[in-house]
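Enquirer: next one to model:
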Amino acid sequence: MNILALDLGTSSVRGLVLDERTAPLPGALARRKMRLAVGDDGEGTLDAPGYLACLIECLDELQAAGHLRDVGLVAISAQWHSVLPLDAAGEPLGPVLTWLDTRPEPPGDRSGPADADAFHQRTGTWWHRCYWTARLPWLRARTPAARFVGLAEYVLGALLGEVPMSVSQASGTGLLDLCRLVWDAEACELAGVRSGELPALAPAGWRGRLLPEFARRWPGLDGAAWSAPIGDGAASNVGSGCVDPRRAAVTVGTSAAVRLVQRVPAGAPLPPLPERLWRYRVDHDHVVTGAAYSSGGNLFAWANRELRLPEGAELAAALDRLPPGGGVPADPRFGGDRPPGLAPAGTGTLRGLTFSTTAVEILAGLMTGVCAQVARDLAEIESTVPDPVEVVLGGGAVTASAWWRRAFAAALAPRPVGHQPNPEIGATGAALVALGRLADPADPTVIGRTDDRRSPGPAGGLRP
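Expert: Predicted coordinates:
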């Protein structure tokens, strides 16, 4: 049996086919880049019908190439925190608010949770613009919404019929009681949400099926079981092999995050949660604790666009002349803070610039700034477990930059730091969860040391 893994990301939507060992089948990948609408006012939105059309195009491409044969299971990794207002007929009343949108603010006529610490421990979140407790009132003031869903529920609802929300996706809304796995009464009151305005919650082991019209369109998926989506951050931890308290994942894609997974079945007491960290659900049996940042690979995209960086080997050589942790002092919060911080978009700064400062030094300073954020919060995460952790780096941005991997290794020392170069760790992780194989170890041959040193050979390449 093969597995179709869908990655419903912010910058792209992807579909790839894996074999029963979760190894990608050669050439069985379809990808569409998404246009994120961003504005100086903090906007960060996606067009919902356009997103659905791109997903359908990916599935059409895989079907036409014959890659959907023998698919028995569909696994989904989806972005956390997104919200979309719908009318009574289920049609969008505006764009999808992504995690990047910083415009919503908690209503001024409400005082917040009665006990902020108890609320944080129970939901893993804060009364913050990133969560539905603040986003739903903000949207309601602008749209006559009948109900609210996330991006995953919208696109899957179009393909499968109305679908429930997984506990993993629900935990990212800030409305879920992480222990009891029900919508939290106080959080719903803060959000001003009424009965019927939220999706039903998916039970453990939920499976969906394609609507007949799409089963005819993609006969390779006729009869395939669709699993409940899991949050992209949780999927990345699983795909990196970071599924217990001994190993933390640092993922740098469009944004960045540091996370630790622990086994905590539904109904079991939750471990204490430090004030600065969030906690969400991987599934009914595991939680993930961590911190996230609005900047990651998008810093390179900005620098490459605006600073005329050298390309390819020339850029790598220029970075190699700088020590790990080098570059100009920088605050990388170009997109503002993720929870619990409140800094708005446009908070990023560069300091100490001179007429001799190069574009590469600016890029290195921004990369170093992300490393410093992660190092601070990793120390908080370690306070929740008995022993120091080892770290696995993953995501497209660090895979593309050996210098950034070395900078992380320097910032996180003396912890062992490795690298998982699988470019599809989210999709792989979602497949492992759907298969009930979350605890499968990652292949140790692909977790390499990051303390690379320059090769003495004439090619100047890197060797571990």
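Enquirer: in contact with residue 71, which residues?
Expert: Shown in contact with residue 71 (Cβ atoms under 8 Å, 6 or more residues apart in numbering): 1, 2, 3, 4, 17, 220, 221, 224. The way it works is simple: take the backbone N, C-alpha and C, and place the C-beta from them, glycine included.
Enquirer: quick one: residue 77 is in a strand?
Expert: Yes - counting by DSSP: H, G, I helix; E, B strand; the rest coil, one finds residue 77 located in a strand.
Enquirer: what's around it, how many residues?
Expert: As a burial measure, residue 77 scores 32 neighbours (other Cβ atoms under 10 Å).
Enquirer: tell me where the stretch 351-464 of the chain has helices.
Expert: For the stretch 351-464 of the chain, applying DSSP state H, counting those that start in this stretch gives helices covering 359-382, 396-399, 402-412, 425-434.
Enquirer: name the helices or strands packed onto the last one?
Expert: Where contact means 3 or more Cβ pairs under 8 Å, 6 or more residues apart in numbering; DSSP states H and E, helix 425-434 is packed against strand 2-8, strand 12-18, strand 71-78, strand 225-227, strand 230-231, helix 232-239.
Enquirer: measure the residue lying closest to residue 425 once chain neighbours are set aside to residue 405 for me?
Expert: Once flanking residues are discounted, residue 425 sits nearest to residue 239: 3.3 Å by Cβ to Cβ, 6 or more residues apart in numbering. According to Cβ to Cβ, to the nearest Å, residue 239 stands 17 Å off from residue 405.
Enquirer: of these two, give the one with the bigger neighbour count.
Expert: residue 239 (29 against 26).
Enquirer: in this structure the more buried one contacts residue 427, no?
Expert: Yes - applying Cβ atoms under 8 Å, one finds residue 239 in contact with residue 427, separated by 7.3 Å.
Enquirer: so what are the domain limits for this protein?
Expert: 2-228, 241-463 (automatic domain parsing).
Enquirer: just how off-centre is the longest one within its chain?
Expert: What separates the centre of domain 2-228 from the centre of its chain is 12 Å, taken as Cα atoms, centre = their mean, to the nearest Å.
Enquirer: first to last residue in that domain, what's the distance?
Expert: 17 Å (Cα to Cα, to the nearest Å).
Enquirer: also stretch 342-349?
Expert: Length of stretch 342-349, first residue to last, Cα to Cα: 16 Å.
Enquirer: buried residues in that stretch?
Expert: Within stretch 342-349, the residues scored as buried using 16 or more other Cβ atoms under 10 Å are 345, 347, 348.
Enquirer: so who does the first one touch?
Expert: Right, the one you point to is residue 345. Contacts of residue 345 by Cβ under 8 Å, 6+ apart are 40, 42, 102, 294, 334, 335, 336.
Enquirer: how does it look with 7 Å?
Expert: 42, 102, 335, 336 (Cβ atoms under 7 Å, 6 or more residues apart in numbering).
Enquirer: only whichever of the contacts of residue 71 are buried, select them in PyMOL.
Expert: Buried subset of those, written as a PyMOL selection, criterion 16+ other Cβ under 10 Å:
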select buried, resi 2+3+4+17+220+221+224
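Enquirer: which one of the contacts of residue 71 is nearest to residue 96?
Expert: Nearest to residue 96 among the contacts of residue 71: residue 4, at 22.7 Å, using Cβ to Cβ.
Enquirer: okay, and the beta partners of that closest one?
Expert: Taking DSSP bridges as the rule, residue 4 bridges to residue 17, residue 74.
Enquirer: can you tell me the element the closest residue to residue 146 other than its chain neighbours falls in?
Expert: Counting by Cβ to Cβ, 6+ apart, residue 146 lies nearest to residue 88, which is 4.3 Å off, once chain neighbours are set aside. Assigned by DSSP states H and E, residue 88 belongs to no helix or strand.
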